[in-house]
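Participant: Predicted coordinates and the sequence they were generated for:
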Amino acid sequence: MGAAVPVLRDDFTVHELRALAGRASNGKVARRLLAIALVLEGSSRKVAAQSCGMDRQTLRDWVHRYNVEGPDGLSDRGGGGAKPRLSPEQIAQLAVWVEAGPDPARDGVVRWRRADLARRIEAEFEIKLHERTVGSYLVQLGFRRLSVRPEHPNADPVAQTAFKKNFASIVADILTERAKGKPLEIWFQDEARVGQQGTLTRVWAKRGTRPRAPRDTRYKWSYVFGAACPARGAAAGLILPYVNTEAMGLHLDEVSKTIAPGSHALLVTDGAGWHGAKGLLVPDNITLLKLPPYAPELNPMENVWAYLRSNKLAITVFDTYEQILDKCADAWNFFENDPQRITSITTREWATVN
């Protein structure tokens, strides 16, 4: 080993180096600072190195770095890792493939697996990747394995986008004279069937197990008619044994009573027949607005039903019809009596007329 490399810098005192070591979040950096401080105090290189958990040659290397860069030179520096197997352009193309989904005729699958993407990458780029490497790229791109939501084959994304974009003008066109000049409340309405053909939900369980939960197979049910106003955190619901024009009329009466005095409500509904039947009597303080066809994702009441099914209505066996009614009432009251929850679940930024 050659002669000890002298510490050439004098812009940091021993006290300052020890103070930096005390504030360092990295223990290795703190030990390197303390070793330099010991050298400046006159300790031998052997003592300084052993006291800080390193050998003399390692200390010599850190002294070189300190002389050139000061305390900043004592930080860890990775070697940069292995060179990425895919170029930025290829990674961008991978994202396009995942977003678009596989072509069953070409790719032979209806959903992407890492193995399928690895084969596509090898065919297109002539680069062979392990499935885990493909998974790392997917995580890097922000992709996760998520449950898909069913979509009607006749759904029109363009019409849905236009509905949201032009919501204010659509509302202005359909409001009647009796609504002009009054405060306007935006409400959403829908129905959910609840009964013995129950639902299951996710639960915490140990990895590798298959938890079990009761699920009935009988056929008694009832319907929850629900409506919510995000801005006010208000809701109005009815539990009825059927869905038809008469039931919808009863629910509209209930919503009408919940609207703030002197206000008018725009009630957004889907295109179910009983929502616009000729015999439907609509209260004077309500105007109905239908969503585009096959667009349940635009109705936040769908999220309300999903929330209540997961937290209040799942994993339940109903022996009698009365039990169904009681459970529905408990679930709806839980939702209706929490204005913050109503606003949180049902607010949609596009549903505004301002």
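Facilitator: Done, it's in. Fair warning: this is a prediction, and the values are worked out from it, not measured in the lab. Numbers count the residues shown, from 1 in each chain.
Participant: Which is the succeeding secondary structure element to the helix or strand hosting Ala123?
Facilitator: Using DSSP states H and E, the element containing Ala123 is helix 114-125. Once the chain leaves helix 114-125, the next helix or strand it forms, by DSSP H and E, is helix 131-140.
Participant: Which SSE is immediately downstream of that next one?
Facilitator: Toward the C-terminus, helix 131-140 is succeeded by helix 157-165 as the next helix or strand (DSSP H and E).
Participant: Mind listing residues that contact the helix holding Ala123?
Facilitator: Residues outside helix 114-125 that contact it (CB atoms under 8 Å, 6 or more residues apart in numbering): 86, 90, 93-94, 97-98, 102, 107-109, 127-132, 134-135, 138. Using the backbone N, CA and C atoms, a C-beta is placed for each residue, glycine as well.
Participant: any chance you could map the strands in this protein?
Facilitator: Ranges of strands in the chain, per DSSP state E, are 184-195, 221-229, 234-240, 264-269, 286-290.
Participant: what packs against the longest one?
Facilitator: To tie it back to what came earlier, the one meant is strand 184-195. Here strand 184-195 touches strand 221-229, helix 245-258, strand 264-269, helix 301-308, helix 321-336, going by 3 or more CB pairs under 8 Å, 6 or more residues apart in numbering; DSSP states H and E.
Participant: Leu40: which of the ones you listed is closest?
Facilitator: Leu40 lies closest to helix 301-308 among the helices and strands packed on strand 184-195, at 64.3 Å (CB to CB).
Participant: elements contacting the closest one?
Facilitator: Looks like helix 301-308 contacts strand 184-195, strand 221-229, helix 321-336, helix 339-346 (3+ CB pairs under 8 Å, 6+ apart).
Participant: Dump these to TSV, plus mean neighbour count, mean pLDDT and distance to Gly271.
Facilitator: Converted to TSV, these look like this (neighbours: other CB atoms under 10 Å; pLDDT from 0 to 100; distance: least, CB to CB, whole Å):
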stretch	mean neighbour count	mean pLDDT	distance to Gly271
strand 184-195	22	92	12
strand 221-229	23	93	16
helix 321-336	17	91	24
helix 339-346	17	96	19
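Participant: Reformat these as a markdown table; add distance to Tyr294.
Facilitator: Putting the helices and strands packed on helix 301-308 into a markdown table (distance: least, CB to CB, whole Å) gives the following:
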| stretch | distance to Tyr294 |
| --- | --- |
| strand 184-195 | 14 |
| strand 221-229 | 21 |
| helix 321-336 | 26 |
| helix 339-346 | 21 |
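Participant: re earlier: who wins for proximity to Ala21 among the strands of the chain?
Facilitator: From these, taking CB to CB, the stretch that ends up closest is strand 221-229, at 58.6 Å.
Participant: Now render the strands of the chain as CSV, adding distance to Ala168.
Facilitator: Converted to CSV, these look like this (distance: least, CB to CB, whole Å):
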stretch, distance to Ala168
strand 184-195, 11
strand 221-229, 17
strand 234-240, 22
strand 264-269, 11
strand 286-290, 12
